[in-house]
Structures are given as C-alpha cells and as structure tokens.
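Engineer: model the structure of this input:
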Amino acid sequence: MPYFHFTCWSVHVYLLVMEWNSAVRWAMHLREADHLRAPLVTEALGVALVILFFNTLRKVAVLMIDPYGDDEIDYELDHDLRNLRCLAVDVATSLESSNEASMKGKKPQPPRAENELAA
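Structural biologist: Just a heads-up that it's a prediction; the model follows:
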C-alpha cells in the first residue's frame, strides 16, 4: 500500500501548491483594484472543483482497495464461484453423457435445465 499513500500525499501537496498559487493571483487582482469580479469567481470555483475532483477520486480509490471485503458495495465472489461450479458440473455431466451416447451409438442429450445459472 505505500504506492497508494504516496499518491495521496503527492495529490495533497499538489492541491496545496495550487491553492497557494490561486491565493496569490487572487491577491494580485484585489491589489490592482480590478472591479471585474469574474476572475475572482472563476479562480474560486476552479479551485473548489479541482479539490472536489481529487477528493472524489481518493474516496473511490479507498473503496477499491479491498473489492472482496464485507462492505455492501463489495464484489460477491462466493456467488460467482458457486455458479461457476454448477456450470462446470453441468458441462462435465453433458460431456460424460455425450461420450457414453457416442460409444453406444445414441444421440447425446442436452444438459439438464435444473442446474442452469440463476441470473
């Protein structure tokens, strides 16, 4: 996990530097007595959106660290493995019945519908 923590640390440093740069530009606009507030609003909105974007990506990364955990949004591996086992048993049974049928000269029967995957 050191890669994840290093990435979080570097994103926070980047945001700190970006916020400092934005604050300096904002102060320069106020110092010049510029009555156009559009650059100030754009600056504040841009910084807020970038912070929101990076923090959302961080939260998604935290949720994806353990995709097979016990949270309600985690992937249910047991369900898929049970279905895969049922499918493998059906295929093995149908192959076995088709081999027996070909040895006796009979037409092979399709797999049973009772063990099909429940979607």
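Engineer: any idea how far Val17 is from Leu95?
Structural biologist: For Val17, the distance to Leu95 (C-beta to C-beta, to the nearest Å) stands at 63 Å. No exception for glycine: its C-beta is placed from N, CA and C like everyone else's.
Engineer: need the pLDDT of Gln109.
Structural biologist: For Gln109, the pLDDT comes out at 60.
Engineer: just the buried residues of the host helix or strand of Val91, please?
Structural biologist: Taking DSSP states H and E as the definition, Val91 sits inside helix 77-104. Within helix 77-104, the residues scored as buried using 16 or more other C-beta atoms under 10 Å are Asp90, Ser97, Ser98.
Engineer: what distance do you get for the last one to Leu40?
Structural biologist: It refers to Ser98. 76 Å.
Engineer: what's the answer for the second one, then?
Structural biologist: The gap separating Ser97 from Leu40 is 77 Å, by C-beta to C-beta.
Engineer: in the chain, where is pLDDT below threshold?
Structural biologist: Residues of the chain meeting the criterion pLDDT under 70: 1-2, 33-38, 67, 69, 71-74, 99-119.
Engineer: how does it look with 90?
Structural biologist: Residues of the chain meeting the criterion pLDDT under 90: 1-12, 15, 18-19, 21-48, 50-51, 54-83, 90-119.
Engineer: show me it divided up by domain.
Structural biologist: Listed domain ranges for the chain are 2-64, 76-119 (source: automatic domain parsing).
Engineer: can you name the element that comes right after the longest helix anywhere in the chain?
Structural biologist: The helix spanning the most residues in the chain, taking DSSP state H as the definition, is helix 2-31. Sequence order places helix 38-64 as the next helix or strand after helix 2-31, per DSSP H and E.
Engineer: elements contacting that next one?
Structural biologist: In terms of contacts (3 or more C-beta pairs under 8 Å, 6 or more residues apart in numbering; DSSP states H and E), helix 38-64 is packed against helix 2-31.
Engineer: where does Tyr68 sit: helix, strand or coil?
Structural biologist: Following DSSP: H, G, I helix; E, B strand; the rest coil, Tyr68 is assigned to coil.
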